[in-house]
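> I'll drop the sequence and a predicted model, then ask my questions.
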Amino acid sequence: MTRGNAAKSYFDEGALIGVLTAQPLDRLLDYKAPEGGCHLGAFVEVPLGPRKVLGVVWGAGRGDFDISKVRSVIRVLDAAPMRDEMRVFLTRVAEYTLTPMPAMLRLATRAPGLGNPPSMRTVYRLGSGQMPRMTDARARVIDVLREYGGLAFTLKELAEMAGVSTSVVKGMVEPGAVIAEDAPRDADYPRLDPALPGKALSADQATAATALREGVASGTYGTTLLKGVTGAGKTEVYLEAVAECLAAGRQALVLLPEIALTAEFLERVQERFGALPAEWHSGVTMTERRRCWRMVGEGRAQVVVGARSALFLPFQNLGLIVVDEEHDQSYKQEDGVLYSARDMAVLRGSLNSAQVVLASATPSLESWANVEAGKYRRVDLSTRFGPAVMPRMGAIDMRGETLPANRWISGSLQGEVRARMAKGEQSLLFINRRGYAPITLCRACGHQIGCDHCDARMVEHRFLKRLMCHQCGETKPIPEVCPNCQKEGTLAAVGPGVERLAEEVGEVFSDARVAVLSSDLFGSARALKEQIKAIAEGDVDIIIGTQLVAKGHNFPKLTLVGVIDADLGLQGSDLRAAERTFQLIRQVAGRAGRADVPGTALLQTYQPEHPVIRAILSGDEEGFWAAEASERRAAGVPPYGRMAGVILSGSDVQNVFDLGNELARRDAPMRAIGAQVFGPAPAPIARVRGRHRVRLLVKADKGAPIQAALRDWVGQFKPRGDTRVQIDIDPQSFY
């Protein structure tokens, strides 16, 4: 029933095959191979009841079903079959994260229209003709086409991106300002040329680039931690590894933690290789997602730049994975399939005989520990590129400052900002809180306005004139009266957010040009890109930002960073609180002095003697990691122990707690591997989107078989009603 070099790599017509579908089923489904047969890994359309669903040929059928009732595959899709290493990768991720395989397949096929046959479409690109009369709407169309480097768009996409009607675009075709042409729906990407010269590298960079190139040239697996101080030029170094990968005819994947970083990075790739790479993230159109998925699978996309889910694209010959800002918390998927993209990148690299580069100025303790254990190698960039030097670090002891109750910028910091303005330099004021104020409080009855669907306080966003829940996204107008006591004029904003800080800056520095960078203040990636460009060109005196500004941006005139509340991240019981505070403040401080003028970073703190604050100020990174590692090792927590979260949720709080208590009583499978079970306890955010949440925490030794024990433990129970059980291996947050 098979032919080909590998056993069961091809199934003849009528052969019994097992198909994995994306439907929530706990098994493969048996079908008969279609007319002409099919390959192992083929994407197929199969009947399931009255529906037609997508599936992948996963192997031979089980044959434990009445053969006369087995239905045939409807058709094989026009897509490259899923490769063996990809099927192994999905299986291994599923086993590690305790995720059902159908959910893994959904993650690996997140592109629309995969079952559609090849077809043509009309696309619109920039022409050389001139409009007899240029209007604002027509100018916006031209701007979009120029901004995206001559890419072609469908009529709907171009009209939406330019904010015009489709008739505006059509009217620009006859004069030749816009060209309309037929093109395949999934066109090839332009070829990237690795032979083009890169930027001149410093001696430090050249040594690092040679080490990465040699790793890629070996054609074998290896993981390297590329640790470089902020401004050291890590991007230019790992782009040399990308060049080596392309020269070898293999594909490369670069993961970025924020969509906001993508536009600037794409320009650097285009400058280095002469063409734009493929993109994969939530900001690209559905048409582009399908195109990227298909071209990656056919080997016709050489480089992909994307978010964490790009790791599940069907690469044909993956030779390099770069995880930029590898320490960033956004690489942990917190809903659906719970996985760490950094850790799964290492797994995928090992299965593809690919090199993995983890780049960061402030590595995760996990990566640092893997270097210490000899699992990863380490390449360092210890100095900034060119004449730039690391910023001077200092603390402002807020216990000695006199500030009104509704002010947060100390007199000392105000003086430093004014000095920079006098010299034509820029200042950045950083606070890691979105919105205007984290709490809206009634001064009459003490009521704090919360979300109707979550156990969370609503954050005032004054620029939007709304209250917003940062858990579920629910918004509502800012009320005029207290919803609890009905008194008018008693509601007060408590605490600072980035918008409130902007209000204070407007009052204190009335003559300053101010820009606010926060992810919720920009309706599009294009608007954010324009603001970042204006800052880089010196059109702004004071930048006010959240952690969005801590990553990847280069503002040549920025010489002062002021951290408004350096103590904010030290609160709470998160085992990673010290690490995250250290990383975030060191990263944001690194925005200062990246050109030829030295920079300064000042931390407003009420705890200047705190060990983390002292470590940040001293710059003794190795000492900090060693001390943090020692504490974690003594406590037996990651990366020197194993942890897992069990999250129970449901609309009936009693059902949720009953299940939690039952789990705690019948924890024999966990005790059998020496694990400890803590809880159940209400989650810190005990209600999200109307569902009550209860958590249990499991702690085990590093080598304990925690996945198998968790499967046996949780498998004893069948949740009642709409109660759901979710397991989070290696949790990064405990909300």
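Cool, the structure landed. Residues are numbered from 1 along each chain as shown.

> where are the low-confidence patches of the stretch 451-600 of the chain?
For the stretch 451-600 of the chain, the stretches flagged by pLDDT under 70 are 462-464, 470-472, 519-526, 552, 571-573.

> would you map the strands across it?
Ranges of strands in the stretch 451-600 of the chain, per DSSP state E, counting those that start in this stretch, are 459-461, 466-468, 475-477, 491-494, 514-517, 542-545, 558-563, 600-605.

> including mean neighbour count and distance to A629, could those go into JSON lines?
Using the backbone N, CA and C atoms, a C-beta is placed for each residue, glycine as well. As requested, the strands of the stretch 451-600 of the chain are arranged in JSON lines below (neighbours: other C-beta atoms under 10 Å; distance: least, C-beta to C-beta, whole Å):
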{"stretch": "strand 459-461", "mean neighbour count": "25", "distance to A629": "35"}
{"stretch": "strand 466-468", "mean neighbour count": "20", "distance to A629": "38"}
{"stretch": "strand 475-477", "mean neighbour count": "13", "distance to A629": "42"}
{"stretch": "strand 491-494", "mean neighbour count": "16", "distance to A629": "38"}
{"stretch": "strand 514-517", "mean neighbour count": "19", "distance to A629": "33"}
{"stretch": "strand 542-545", "mean neighbour count": "25", "distance to A629": "31"}
{"stretch": "strand 558-563", "mean neighbour count": "26", "distance to A629": "25"}
{"stretch": "strand 600-605", "mean neighbour count": "24", "distance to A629": "24"}
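
> look at E271 and say how many residues are nearby.
By other C-beta atoms under 10 Å, 12 other residues sit near E271.

> what about it, distance to A206?
19 Å (C-beta to C-beta, to the nearest Å).

> F312 now?
F312 is 34 Å from A206, by C-beta to C-beta.

> grab the CA positions of stretch 64-75 and hand them over as PDB.
Output of stretch 64-75 as PDB, limited to C-alpha atoms (Å, rounded to 0.1, in the frame of the first residue of the first chain):
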ATOM      1  CA  ASP A  64     -10.600  -0.200  14.200                       C
ATOM      2  CA  PHE A  65     -13.700   1.000  12.400                       C
ATOM      3  CA  ASP A  66     -16.100  -0.700  10.000                       C
ATOM      4  CA  ILE A  67     -14.100  -0.400   6.700                       C
ATOM      5  CA  SER A  68     -17.300  -0.100   4.700                       C
ATOM      6  CA  LYS A  69     -18.200   3.100   6.500                       C
ATOM      7  CA  VAL A  70     -14.800   4.800   6.100                       C
ATOM      8  CA  ARG A  71     -15.200   7.800   3.800                       C
ATOM      9  CA  SER A  72     -12.600   9.000   1.200                       C
ATOM     10  CA  VAL A  73     -10.500  12.100   1.300                       C
ATOM     11  CA  ILE A  74     -12.300  14.800  -0.800                       C
ATOM     12  CA  ARG A  75      -9.100  16.300  -2.200                       C
END
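
> can you list contacts of it?
14, 16-17, 19, 30-34, 38, 44-47, 52, 61 (C-beta atoms under 8 Å, 6 or more residues apart in numbering).

> quick one on the thing from earlier: same drill for F312 and A206, tell me which one is more crowded.
F312 (25 against 13).

> for the more buried one, which residues are in contact?
L90, L107, A108, R110.

> is it possible to mark the buried ones in these?
Neighbour counting with 16 or more other C-beta atoms under 10 Å marks L90, L107, A108 as buried within these.

> which one of these is nearest to D539?
L107 (41.5 Å; C-beta to C-beta).

> wait, isn't that closest one in contact with A341?
No - counting by C-beta atoms under 8 Å, L107 does not reach A341; the two are 11.4 Å apart.

> shared neighbours, those two?
S309.

> and the longest strand anywhere in the chain, what does it pack onto?
Longest strand of the chain, by residue count under DSSP state E: strand 676-688. Applying 3 or more C-beta pairs under 8 Å, 6 or more residues apart in numbering; DSSP states H and E, we find strand 676-688 packed against strand 642-650, helix 653-665, helix 668-671, strand 691-700.

> tell me the angle that strand makes with strand 691-700.
Strand 676-688 and strand 691-700 are oriented at 160 degrees to each other (axes from the mean of the first three to the mean of the last three C-alpha atoms, to 10 degrees).

> care to break this structure down by domain?
Following automatic domain parsing, the chain resolves into domains at 10-108, 120-184, 203-381, 392-433+497-628, 436-495, 642-729.
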